Every structure is written in structure tokens, then in C-alpha cells.
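> Below are the sequence and a predicted model; questions follow.
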Amino acid sequence: MRKISRLSRFNIASLTLGLAFLYLPILILVIYSFNASRLVTVWGGWSLRWYQELFSDRAMIEAAWMSLRVAISSATIATLLGTLAAVALSRGERFRGRTLFSGMLYAPLVMPEVIAGLSLLLLFVALNAERGFWTVTIAHTTLTMCFVAVVVQSRLGSLDRSLEEAAMDLGCDPVRAFLAVTLPLIVPAIVAGWMLAFTLSLDDLVIASFTTGPGSATLPIRIYSEVRLGVKPEINAICTLVIGLIAVVIVIASLASKLSSSQGESAAPL
Amino acid sequence: MTDKLPRTNATAKAARGDAHPAAGEPLLRIEGVAKTFGTFRAVDGVSLDIKAGEFFALLGPSGCGKTTLLRMLAGFEAPDEGRILLGGKDIAQALPHERPINMMFQNYALFPHLAVRDNIAFGLKRAGMARGEIATRVAEMVALVKLEGLEKRKPDQLSGGQRQRVALARALARRPQLLLLDEPLAALDKKLRENTQGELMELQRRLGMTFIIVTHDQEEAMTMASRIGVMRDGKLAQVASPRELYEAPHSRWIAEFVGDVNLFDGEFKLRDGHQLVIATQGAGTLVVAEPRERVGESHLSVAIRPEKVKLSRRGPVGEIGHAVAINSLDGVIADICYLGGTTTYKVKLDAGGMMQAAVANSARLDIDAYSLNQHVVAWFTPDDCVVLPS
Amino acid sequence: MSARRIFARPARLAAIMPYVWMVLFFLVPFGFVLKISLSQTAIAQPPYEPVFDLTQGWEALKAAFAALSVDNFRLLASDDIYMFAYVRSLTVAVTATALLLLIGYPIAYGMARLPTRWQAVAMVLVIVPFWTSFLIRIYAWINILQHDGLLNQILLALHLVSQPVVWLSTDSAMYIGIVYSYLPFMILPLYATLAKMEPVLEEAASDLGAPPWQVFWLVTFPLSLPGVGAGVLLCFIPIVGEFVIPDLLAGSNSLMIGQTLWLEFFTNKDWPVASAAAIVLLVVLLAPLLLYERLQKRQLEQGR
């Protein structure tokens, strides 16, 4: 039983300021995307003008489509591989090469993206692979499966192991015990993992820049090259759309996890 | 994995009567079973027979190996040494799902994503039972543990007592030859625990099933079990009926572990017919009944349960008193502890020791009660004493 | 053989696919980085001279090993630009991490003191910005910090300044961007340890006569050190290699390693030097990386 909070004024102030700091810039960006005026200084009234211009920008649309395809496919593969890795690490006890395996899974979580991007590019060049959709997808899968593994592993770790024992006691072999009891209970974490992988992939600039080829830019690459040239209202519009898309993904995923988990334990997305 | 049991793909196989031992044979025979974790010998050469229809309790302090032994019966651990025979077949290396044994887990381990009904049906589905049959069996189980109307609830919508019943129903549904219960009542509060103890005993009698319960609560073991195995440091210290365990413990440790006891160390002096005379430290010379098994050493301990010690203002008089050679000791009341049904007096004996006496409060008014520093005589018969190697 | 061991056998099989994948796309590429960092620069496509080719047999391989050169590393060590870049990366990372700790701690502490129901809400509120795109968040700040951006307008309107301040392309802008982007990474581990702490400990401390600041300094803070460690590493390591934020928000007169690497690679097309820079970056980060990995593992294993 936690006693009712002892919030001091200092606590309230730091919370308010902290959340304002986190949200205001995004809010301002969204508002400006509806500004009729081209100048940031001038508020020209509400307008969807920049969205119209955005939709006539073929290069931008193509980049967005490419990003979406990469994000969906890499997140799906990463969720599969990451879940398998999490199962092996949390239920496999000791096995040969375990240290190397877990090392390889933890390192990309914090490793600078420039290094990951560079190393994968060198591999693709050496393999003489044509760079584009598949190379970016592979690169993103490699990075994001580690995040999936961590999310799923922490859920598996907090799961009461006597549930699996009970399933075996009631006649399941280990594989069936996993499918009938463990898997349904970690679905929220798997969904959260997919979601995390999806947004990380949609977000990535550095690794995609290294591993993609000419003519197949992803959305962040497009945005980046535009942003370097200065602020453009269309960028506000595309950013607002991306924020909207991610908000929808979050809502769907949290609804899904609420439906599938009776315990109301949400798997932390980090 | 020698001698694999046939898969229990039909509950009919796991049903009572199937693979039953020959007459006179125990249902379960544990032979020299040992289990080591690292350098720690959790279970150290345990042998035990359990007959069909018994309610057996494994009792012991935490870390004594009782849970490890139970987990070996369920198949979650495999013994390093020894055999576990169920109906004559060695199942020591069989996997949990290959054994006609079910377990009720300490924290129940109910599947949180499944409704009560599906939790109970879980093992039946695994056994490949027909759908209609499953429904009948689940309904039967729900009625058995009185959970009607809660079939569609999820475990987190149930009270502690209800969860305990679901766990029981789930473990019983497959009609195992042997039901293991790991501290089944530990999570319930006292009143509920007492009621549930009665229900469990009733159920076991009605189904004629064999139950093995693990508990650290001696009162629970005494109440429910027909036989108790006390474990200490991985070994079985004594296997006996509750009464025997309490009245004729094998060792000082058991005498102290099960209930309260007054213990006096002493030296064997002489034999007088069927009685021994022992000079004790703290309680003077005591006359005790000769134990069934002869005690070889001369260093002995005399154990007397507090409720066997009677108190009176003056020494016991009359023929009866003399006839049974009463031990009577003078002393002063040093402490009084009122417990409702009984009062425990601590008597400082003139001989130096301290003696506890539990006196039933048979009258509502305390005319007979003793007061602090009052002089009393504590007395008991030789038959009330147990002689133990010290 | 215990229940866990029974379960472990099929679980281990699950490792095969991800294992092969990680060896192929994580470990092997590192081999390539190492190899190319030891190669000669060449004006070609790909712009480096292969150092060895397994198809040419043992003799060629031996010759190739003899030809391996540490020239690229010598270049990195001798050229001031690179030394400056490393020093700057570390300074920026240390400063930014300190700022993050100072700003993140009060927020995490405030969250941990909220009533339990509101704690979950606050956590979601902190995580959600993390889900919105990294690039977009930087871009949002460009909107605010540019010459005629919102910040200057407000400052002018309040008469705090008489003419627009240059924010973009300064270190201040970069620090704002870094703190903004990494704040959730600092808050979450801090909050996790602070929320787990028993409130009775603080109550016991004040019961024993400690005034509030001592309660915090002698009990709360020492107990939150694991969270501080996790937060600091989680921010420090990626900031050292950061590319996008300094590139978009800081000036171009002093670069961080990430930027140097990018420049060598994309602009100068000097792959061997870029690879050498990557190796050095990794070596610099090896100690904090290992520390983080151990921390992460311990945390996960505690959950079992």
C-alpha cells in the first residue's frame, strides 16, 4: 500500500515544467503545419495548404511509402527473431555461446548508429548486394530485434515460472506449455516490441542513409535533406502526419494489449 | 528416461483403479532418493512408502527438503539417486506431463489469461478428452469445489479462497492417482484456513484419493494428515501418526519441533521394574516409564508436554498418587500467560529448572487460578514422561 | 534435470535463427570495418583496395597480411581535426549527460511521488514524445530557434532582448536538442528505481530526525544510484556518437566524431579513414558499453 503522495511544490513545478518542455515544441510544430502563411513569424489563419502541396510532392510520397514498407517488414521480422532470442535467453538457461549471443543483442541498443550503418554498408558492398529496400530492411531488423528482445525478455522474466510448471503438470510437453500458457501472456510485450521496432525504423535516418542506394530514399532521408536547406511549411505538414500515424499505432497497440492481457499489466515500451 | 510411462492421453488411464498396485503393495514407494544442488544436499536418502487412500503430510522447517521431494514426485526435478515407484513402475526420470500425478501449487499458478472453466479444462484438453466429456467433468468439478456461477470469471476476479478452490479443481480434474499439495493453505487467513482444512479432508475421504501435502505448519499437518513425515536437513526424521509424533517423538529435535515441551537432561541411575530413575539437572530425580525401545546411553533427556503437568497448592495425596509413583516438584509461579482456552504457567522449580504447565481454563471465574510468586507443586506420572537420547 | 532444464532444451533451439542473423549482420560487418580500416585508400568504386581475397590462396593471404597498414590510424592520431573531434565528442557528452541528470532527476522524483494511479499516466506522458520521430523533434526546435522563430519573438515581445538572438548553429541549440531528445532515456531508469523505493524508508529517516534535505541526500539519492548509473550510461554512450543533432543545430566549425565519420564517408569518400574513426569511437566507448551491458543483464536477471 503506497500512502497518498507527499507532493511538494517543487515536485509539482518540476513535473509541470518537464512535461511542458517535452510537449510544447511538438505542439507548436503541429499548429504551424496549419498556418496559411509561408512565414513562421506571421499567423495567416488556419489552412490545409501545406498538406495539399505535400501530396503533390511525388518524391516525398515515394519516400514515405518506402519508409512504411521498410518499417512494416523489418518490424515483423525483428519481432519474430527478437521474441525467439528473448525465449532463448530467459528460458534457455546456460548454453554454449550465450555470452556472445547476449552481448550481440545488448550492444546495438546503445551503439552509435554511425558505426552500425557503416559496418552494414561495408558488408553489403562486399556481398555486392543491390542497395535499396532489402538492405535497409535487413539493417533495421538487425537493430530493432535487439529492442524487441529486451522488451519481451523483461516480460518473460517477470512471469511466474510455476505457470509453465502447472501446464506441464497438467499434461503439456514443454513446447505446448509455452504455446498454451507463456505465449498468450507475453502477447502484450510482443505487440509493444513490434510497435517499438516499427517506430524506430520509421524514425531512423543514419542507418538508412548508409544502407540505402540511389533512388530509394526513406522519409527521414528526404526530410533531412529538406531541413538542411531551412524550414519549410511542408515539412511541418509531413511531420504532423507522421506524429498522427504514430499516435494511431500507439492507440491501437495499447488497445490490443489491454484486450489481450487480463491482468492489466502493461508491458513497458522501453 | 528409463521405463517411460505411457502418455496419459486419456483420463480413463489416469483414473483411479488403473495401474493400481497389487494388494498389499504401496501406491508410491520412494527408495533412497537424493538430490544435490551444487554442494547442497537438499534431499539426502529418503525412503518412504505411501499406501493408496492415505492423506500424508511432509512437515518440516523451511529448507528441510520437503518441497524438493514433492517436486521430484511431480517431475519438476529428477533425483540424482534412488527410485520413485508409482504402482510398481519407476517414474523417477519421467517428465511431468507423463505422470498420472497432479499438483496444487503454492501460489496456485492459475493461468491468468484463462477463465475458471478453461483453467479446470486445461488438463482435460491435453489428455485429448472429447468436448462433451470435458464439459461434464468441468461441471462436476465446479460443483465439487462449490464454485457454481463463477465459471466465466478470470482468476484476478476471484477471492483468495475461490482461487484456492479453482486450483484444487484443476488438479483434481484429471483424476490423478496421486495429488500433491504444496502449502495449499498458506495464502489464506486463519479462519478460512481452518474451514478449508475440513473441506479438504472431507473431499479426500469422499474421493478415496491419495494426497501428499507439504506444509511447515504443524497444526495443519496434525489436523489433516493420517500420517506425517517430519523432515530435517534432507532426511526423514520420523514417520508416524499425528498422535505418535506428539506423544512418542524419536528425538529431542522432534519433541521440540512438534508442540511445546519441557526438557531436562540427566543421568540414568537405576531400573525399578518397568520404570527408570533418572537424576536430572534442574528437576531433581524423576521416575519415568521405560521406553519401548531401550535407550543405550546413560546420558538421557526427559521430555514432558506442558499439558501433562498438573499444578496444585499442596502435593498430591491419597492412594492413587502413591500407587503410580508420582513425580512431584516444588516451585514458585514465575510467569503467567493467559491464552483463552488454556493458561500457561512458568514454574521456577526449587531444583533450579523451569517447568511449563498448561492448565485448561475449565471455569469461567478464576477462583482456581494461581498468582505470581505463589508456591505450587507441579506433578506428573512416569507415563507422561518420554525418555530420549540427549 | 529440473523443470527449468526440461524447458531449456527447446528454448535453446529458439536461439538458432536470431543467432545466425546477428553473427551475419552484426559480427561479420565488424570484421569488415576492421579490415577496411587497415586498407589503403583508393580512388575507385568501392573506394578502397581490398586487402585480401580468400580466392587467391594461402600465399596471397600471407602477402596481404604483410600489407596491412595502420596508416589510417596514424593519420587519425596525427591530424588535429580528429583529435579535436574526439575531445569535443567527450566534452559534449559529459556536459549533456550532466544537464540531463540535473533536469531529469527532479522530474523522475516528482513522478515517483505521484499517487500510484497518476504514476502510470505520467510514465506514458514521458514515453509518448520518444515515440514521435527523432528527426521531427529536432526539426520542431529549428522552428522555435530560428532567426524569426517563436523564441526570439517572445524575447522581443517581453523586451528581454533588443534584437533577435542567434540561436541556431550554436552550442546552446545543440544542448537544447540533445537534452530534449534524450530526456526520456534519463527519466525512465531514474523513475524505475525511485518508484520501487519503499516510502517507509524516507519516513523512517524523518522519524529518526532527518530534515527533508538530509532525507533526500542520505537515503533517497544513495538508493537511486543504480537508476542514475543506468540513465547516465543510456544517454552518454549514444551522445558520444551523435550525428544528427550537432549536424542540424550546432555550428560547423567544430565537429563531433559522428560528424567526422559521416564527412569522411559521404563527402571525402575515404572509407578506410571512416572505418578507422569508427574503430576508435568503439574503443572509446568500450568501457561504458561493457558497464552498461552488465547493468542491463543484472536488471533482467533480477526479474527472474
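Ah, there it is.

> Hmm, residue B:221 and residue B:197 touching each other?
No. Residue B:197 lies out of contact with residue B:221 (CB atoms under 8 Å); the separation is 10.2 Å. Yep, even glycine has a C-beta here, placed from its N, CA and C like the rest.

> and the two? which has more neighbours close in?
A direct count of neighbours by other CB atoms under 10 Å in any protein chain shown for residue B:197 and residue B:221 places residue B:221 higher, at 25 against 18.

> Sticking with that one, tell me its helix or strand.
Element membership for residue B:221 (DSSP states H and E) is helix B:218-224.

> Residues in contact with that helix: which ones?
Taking CB atoms under 8 Å, 6 or more residues apart in numbering or on different chains as the criterion, the residues outside helix B:218-224 that touch it are B:55, B:57, B:59, B:185, B:193, B:197, B:200-201, B:213, B:215, B:228, B:242, B:245-246, B:257-259.

> Now the buried members of the residues you listed.
When neighbours are counted using 16 or more other CB atoms under 10 Å in any protein chain shown, the contacts of helix B:218-224 contain these buried positions: B:55, B:57, B:59, B:185, B:193, B:197, B:200-201, B:213, B:215, B:228, B:242, B:245-246, B:257-259.

> In contact with residue B:254, which residues?
Each residue near residue B:254 by CB under 8 Å, 6+ apart is listed here: B:230, B:237-238, B:245.

> mind redoing it with 7 Å?
By CB atoms under 7 Å, 6 or more residues apart in numbering or on different chains, the residues touching residue B:254 are B:230, B:237-238.

> for residue B:313, same thing?
Applying CB under 7 Å, 6+ apart, we find residue B:313 in contact with residue B:376.

> Now with 8 Å, please.
Residue B:313 makes contacts with B:374-377, as judged by CB under 8 Å, 6+ apart.

> low pLDDT regions in the chain?
Using chain A here. When the per-residue scores of chain A are filtered using pLDDT under 70, the ranges that remain are A:1-6, A:40-41, A:256-270.

> that's the wrong chain, I meant chain C
Of all residues in chain C, those with pLDDT under 70 make up the ranges C:1, C:3, C:40-68, C:296-297, C:299-304.

> center of it, which residue is that?
Nearest to the mean C-alpha position of chain C, counting by CA atoms, centre = their mean, stands residue C:238 at 1.3 Å.

> tell me which element it is part of?
Residue C:238 belongs to helix C:225-240 when assigned by DSSP H and E.

> show me the contacts for the residue in the stretch 251-390 of chain B that chain C sits nearest to.
Nearest residue of the stretch 251-390 of chain B to chain C: residue B:257, at 28.4 Å (CB to the nearest CB). Contacts of residue B:257 were listed using CB under 8 Å, 6+ apart, and they are B:61, B:218, B:230, B:232.

> Secondary structure element holding the third one?
Element membership for residue B:230, per DSSP H and E: strand B:227-232.

> what's in contact with that strand?
Counting by CB under 8 Å, 6+ apart, the neighbours of strand B:227-232 from elsewhere in the structure are B:46, B:48, B:54-61, B:64-66, B:69, B:221-222, B:236-242, B:245, B:253-254, B:257-258.

> Just give the closest residue to residue C:206, not the sequence neighbours.
The shortest distance from residue C:206 to any non-neighbouring residue, by CB to CB, 6 or more residues apart in numbering or on different chains, is to residue C:215 (5.4 Å).

> measure the one you found to residue C:243 for me?
42 Å (CB to CB, to the nearest Å).

> correct me, but residue B:334 touches residue B:347?
Yes. Taking CB under 8 Å as the contact criterion, residue B:334 and residue B:347 are neighbours in contact, 6.6 Å apart.

> Those two: which has the busier surroundings?
A direct count of neighbours by other CB under 10 Å for residue B:334 and residue B:347 places residue B:347 higher, at 26 against 14.

> which helices and strands does the helix or strand hosting the more buried one pack with?
Here residue B:347, judged by DSSP H and E, is contained in strand B:342-349. Other elements packing on strand B:342-349 under the criterion 3 or more CB pairs under 8 Å, 6 or more residues apart in numbering or on different chains; DSSP states H and E are strand B:327-338, strand B:354-360, strand B:375-380.

> Tell me which of these approaches residue B:207 most closely.
Among the helices and strands packed on strand B:342-349, strand B:354-360 comes nearest to residue B:207, with 36.6 Å by CB to CB.

> List the buried residues in the closest one.
Neighbour counts using 16+ other CB under 10 Å place B:355-359 of strand B:354-360 among the buried residues.

> Pairing partners for the strand holding residue B:347, with directions?
Based on DSSP bridges, the strands next to strand B:342-349 in the sheet, each with its direction, are strand B:327-338 (antiparallel), strand B:354-360 (antiparallel).

> Now do the end-to-end distance for stretch C:159-168.
Stretch C:159-168 has an end-to-end distance of 20 Å (CA to CA, to the nearest Å).

> So is that stretch next to chain A?
No. Shown here: stretch C:159-168 not in contact with chain A (CB under 8 Å from any CB of the partner chain), separated by at least 9.9 Å.

> what residues does that stretch touch?
C:142, C:145-149, C:151-152, C:155-156, C:173, C:249.

> tell me which residues in that stretch are buried?
Going through stretch C:159-168 with 16+ other CB under 10 Å, the ones that come out buried are C:167-168.

> for stretch B:100-118, same thing?
Taking 16+ other CB under 10 Å as the basis for neighbour counts, the residues of stretch B:100-118 that come out buried are B:100-106, B:108-118.

> With stretch A:26-36 instead?
Taking 16+ other CB under 10 Å as the basis for neighbour counts, the residues of stretch A:26-36 that come out buried are A:26, A:28-30, A:32-35.

> Convert the C-alpha atoms of that stretch to PDB, please.
Only the C-alpha atoms of stretch A:26-36 are listed here, as PDB (Å, rounded to 0.1, in the frame of the first residue of the first chain):
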ATOM      1  CA  ILE A  26       5.700  19.300 -30.900                       C
ATOM      2  CA  LEU A  27       2.500  21.200 -30.300                       C
ATOM      3  CA  ILE A  28       3.900  24.300 -31.900                       C
ATOM      4  CA  LEU A  29       5.000  22.300 -34.900                       C
ATOM      5  CA  VAL A  30       1.600  20.800 -35.300                       C
ATOM      6  CA  ILE A  31      -0.100  24.200 -35.100                       C
ATOM      7  CA  TYR A  32       2.300  25.800 -37.600                       C
ATOM      8  CA  SER A  33       1.600  23.000 -40.100                       C
ATOM      9  CA  PHE A  34      -1.900  24.500 -40.400                       C
ATOM     10  CA  ASN A  35      -0.600  28.100 -40.800                       C
ATOM     11  CA  ALA A  36      -1.700  29.600 -44.100                       C
END
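
> re the thing from before, report the buried members of the contacts of residue B:313.
Among those, those buried by neighbour count (16+ other CB under 10 Å) are B:376-377.

> Tabulate the contacts of residue B:313 (a markdown table), appending pLDDT and distance to residue A:251.
Written out in a markdown table, the entries for the contacts of residue B:313 read as follows (pLDDT from 0 to 100; distance: CB to CB, whole Å):
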| residue | pLDDT | distance to residue A:251 |
| --- | --- | --- |
| B:374 | 92 | 78 |
| B:375 | 92 | 82 |
| B:376 | 92 | 78 |
| B:377 | 90 | 82 |
